[in-house]
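A.B. asks: Have a look at this fold, sequence not included:
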């Protein structure tokens, strides 16, 4: 399994545009690359750099595109 790095733009809350940047076999290399890409982004932009661990690029894209429900907070967690 590899680590895939994507640039994500979200023009609307429903639509996500994924741009594949690169992949790495080691977590450390992927982390360094992702941090360097984030540092180059201009302030106030709606671009996000994300790294995901997946079997292939298709699975990585599916993981990034799935919508996750917000967890329900119990009274004592507030």
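C.D. replies: Everything's here; your move. Keep in mind that what you see is a predicted model, and the values were worked out from it rather than measured.
A.B. asks: all strands of this protein, in order?
C.D. replies: Assigned by DSSP state E, the chain shows strands spanning 2-9, 17-24, 47-54.
A.B. asks: Format those strands as JSON lines; extra columns: mean neighbour count, distance to residue 70 and mean pLDDT.
C.D. replies: Backbone N, C-alpha and C define where each C-beta goes, glycine included. Formatted as JSON lines, these follow (neighbours: other C-beta atoms under 10 Å; distance: least, C-beta to C-beta, whole Å; pLDDT from 0 to 100):
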{"stretch": "strand 2-9", "mean neighbour count": "19", "distance to residue 70": "19", "mean pLDDT": "96"}
{"stretch": "strand 17-24", "mean neighbour count": "14", "distance to residue 70": "22", "mean pLDDT": "96"}
{"stretch": "strand 47-54", "mean neighbour count": "16", "distance to residue 70": "18", "mean pLDDT": "96"}
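A.B. asks: Longest helix in this structure, by number of residues?
C.D. replies: Across the chain, the longest stretch assigned as helix under DSSP state H is helix 27-40.
A.B. asks: Can you mark which positions in that one are buried?
C.D. replies: Applying a neighbour-count criterion of 16 or more other C-beta atoms under 10 Å, the buried positions in helix 27-40 are 30, 33-34, 37.
A.B. asks: TSV please, covering the strands of the chain and showing distance to residue 76.
C.D. replies: Output for these, formatted as TSV (distance: least, C-beta to C-beta, whole Å):
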stretch	distance to residue 76
strand 2-9	34
strand 17-24	38
strand 47-54	32
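A.B. asks: Of those, give the one that comes closest to residue 61.
C.D. replies: Each of the strands of the chain was scored for nearness to residue 61 using C-beta to C-beta, and the closest is strand 17-24 (5.6 Å).
A.B. asks: which helices and strands does the closest one pack with?
C.D. replies: Contacts defined by 3 or more C-beta pairs under 8 Å, 6 or more residues apart in numbering; DSSP states H and E place strand 17-24 against strand 2-9, helix 27-40, helix 57-65.
A.B. asks: Run through who's touching that strand.
C.D. replies: Applying C-beta atoms under 8 Å, 6 or more residues apart in numbering, the contact partners of strand 17-24 are 2-11, 30, 33, 37, 49, 57, 61, 64-65.
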